[in-house]
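S.K.: everything below, folded, please.
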Amino acid sequence: MSTGTSLPVTTIHRGTLQGASGNIEMLRVTVKADHEWAIVHVDSSYLLTVKSTYGDWSYKWYSIEGDNFIAWLLQCDDGYMTTKFNQGGDLAFMIDKTVDGIKRNIIQLRRKRKIASVDARDMWDEADEIDDLTDFWRYQDSDLPGRDCEDCLVMEYPQGLQNFMAEQWPLVRQCLKTVVAEFGK
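M.R.: Below is the predicted model of the structure:
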């Protein structure tokens, strides 16, 4: 009986490219799991490139500590790598999570008796009207008491990048660990 999920398949290819300023060592890791895939290129010029079903990202470092780029990548945490892959790209405004945060704030203000029940109902209704980031800032910047809720704003990395980092990056990291263990670079 099939559960609909299959074990991930990974392949590693190593090679050398001849460039204008010398040879560039290159490593390509391919990861396939269920219907998702990723092809990751790592090279000795400190370039990391990802093409996947979740999206495409790349980042070029101009210097690193040490001379083993793959080993250096392995010591980087996922948060750092996500930031580099996103490269200052826009974060996504998470409407539902933001509105939930505003409503939790309203409940807290009401429990502490910092706002009247009628104001709490109005604020709740206004929170339900938030459809985009502009609406949030309009709500936030109101002079009315209790609307100072900048901590309620939830911005997240694009879903494709989150999915890649959660599902495929760990498999790529495992392949890179194998390369370092077997070849040292």
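S.K.: can we go C-alpha only for contacts and neighbour counts from here?
M.R.: Noted.
S.K.: just the C-alpha atoms of the top helix by length along the chain, please, in PDB.
M.R.: Identified as the longest helix of the chain according to DSSP state H is helix 95-111. Extracted C-alpha coordinates of helix 95-111, given in PDB (Å, rounded to 0.1, in the frame of the first residue of the first chain):
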ATOM      1  CA  ILE A  95      -3.100  39.500   7.100                       C
ATOM      2  CA  ASP A  96      -4.600  36.800   9.300                       C
ATOM      3  CA  LYS A  97      -1.700  36.600  11.700                       C
ATOM      4  CA  THR A  98      -1.600  40.400  12.000                       C
ATOM      5  CA  VAL A  99      -5.300  40.700  12.600                       C
ATOM      6  CA  ASP A 100      -5.100  37.900  15.200                       C
ATOM      7  CA  GLY A 101      -2.400  39.800  17.000                       C
ATOM      8  CA  ILE A 102      -4.400  43.000  17.000                       C
ATOM      9  CA  LYS A 103      -7.400  41.100  18.500                       C
ATOM     10  CA  ARG A 104      -5.200  39.600  21.200                       C
ATOM     11  CA  ASN A 105      -4.000  43.100  22.000                       C
ATOM     12  CA  ILE A 106      -7.600  44.400  22.200                       C
ATOM     13  CA  ILE A 107      -8.500  41.600  24.600                       C
ATOM     14  CA  GLN A 108      -5.500  42.400  26.700                       C
ATOM     15  CA  LEU A 109      -6.300  46.100  26.800                       C
ATOM     16  CA  ARG A 110      -9.900  45.300  27.700                       C
ATOM     17  CA  ARG A 111      -8.900  43.000  30.500                       C
END
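S.K.: which outside residues touch it?
M.R.: Surrounding helix 95-111, the residues in contact under the criterion Cα atoms under 8 Å, 6 or more residues apart in numbering are 115-117, 120, 123-124, 127-128, 130-132, 146, 149, 152-154.
S.K.: name the residues of it that are buried.
M.R.: Going by neighbour count (16 or more other Cα atoms under 10 Å), the buried part of helix 95-111 is 95, 98-103, 105-107, 109-110.
S.K.: hang on, the earlier thing: of the contacts of helix 95-111, keep whichever come out buried.
M.R.: Neighbour-count burial within those applies to 115, 120, 123-124, 127, 130, 146, 149, 152-154; the criterion is 16+ other Cα under 10 Å.
S.K.: could you dump those into TSV with secondary structure added?
M.R.: Below are these laid out as TSV (DSSP: H, G, I helix; E, B strand; the rest coil):
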residue	secondary structure
Ile115	coil
Ala120	helix
Met123	helix
Trp124	helix
Ala127	helix
Ile130	coil
Gly146	coil
Cys149	coil
Cys152	helix
Leu153	coil
Val154	coil
